[in-house]
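J.: With the input below, show me the fold.
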Amino acid sequence: MSTHAAERRKSGWVEFAAVVMFAVGSFRVISAIAYFANSHKIDDLSNGLFSSNLWAWGLWDLIIAALAIFAGLSLLGGGAFGRVMGYIFGVLVLVQGFTVLTIAPWYGALAITVGLLVIYGIARTPPGVGAS
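T.: I've put the predicted structure just below:
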């Protein structure tokens, strides 16, 4: 087995974490578009962080999307920014999974599993190893 093949096998977890980051970014962009369009399908957010200012919610989602997409690109390149953001996003998904576990058990269990896999994958792969 060549050295390149061994490095390629190590980076599979990093690629998984990067794909999860890209998925988070993509869904947040779609969510931001819905906020910017002032969709009638959105529930009452008057008690939320940004009150009923849907443009602020859209901007918030775009910021999260940009962080997730740049973290995914950084992970693929073996960068430290992607690793740190991967850990942060993984922990946040874990916490959210536990908070919704009693309301939506399948979603909560799936979120916990994905969060654990992202954290495990980043922790298992040595720093500086990317998809290249």
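J.: ok, and what's touching stretch 90-106?
T.: 17, 107-112, 114-116, 118-119, 122 (Cβ atoms under 8 Å, 6 or more residues apart in numbering). Quick note: C-beta positions are derived from backbone N, CA and C, even for glycine.
J.: Of these - the most surrounded one?
T.: Most neighbours among those, by other Cβ atoms under 10 Å: A17, with 29 neighbours.
J.: and the helix or strand encompassing that residue, average pLDDT?
T.: Using DSSP states H and E, A17 sits in helix 12-36. Confidence for helix 12-36, expressed as mean pLDDT, is 87.
J.: ok, now stretch 83-93?
T.: For stretch 83-93, the per-residue pLDDT averages 91.
J.: how about that stretch: buried residues?
T.: Neighbour-count burial for stretch 83-93 flags 83, 85-87, 89-90, 93 (criterion: 16 or more other Cβ atoms under 10 Å).
J.: Take those residues and keep only those in helices.
T.: Among the buried residues of stretch 83-93, the members found in helices (DSSP state H) are 83, 85-87, 89-90, 93.
J.: Closest to A56 out of these?
T.: F89 (21.5 Å; Cβ to Cβ).
J.: Let me know whether the closest one touches I119 as I believe.
T.: No: using Cβ atoms under 8 Å, F89 is not in contact with I119, being 9.3 Å away.
J.: Including distance to W13, could the buried residues of stretch 83-93 go into TSV?
T.: Output for the buried residues of stretch 83-93, formatted as TSV (distance: Cβ to Cβ, whole Å):
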residue	distance to W13
R83	11
M85	15
G86	10
Y87	13
F89	15
G90	12
V93	16
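J.: which among these gets closest to V24?
T.: Of these, the one sitting nearest to V24 (Cβ to Cβ) turns out to be F89, at 6.6 Å.
J.: ok now do that closest one, which residues does it touch?
T.: Counted by Cβ under 8 Å, 6+ apart, F89 has contacts 20-21, 24, 68, 71, 118.
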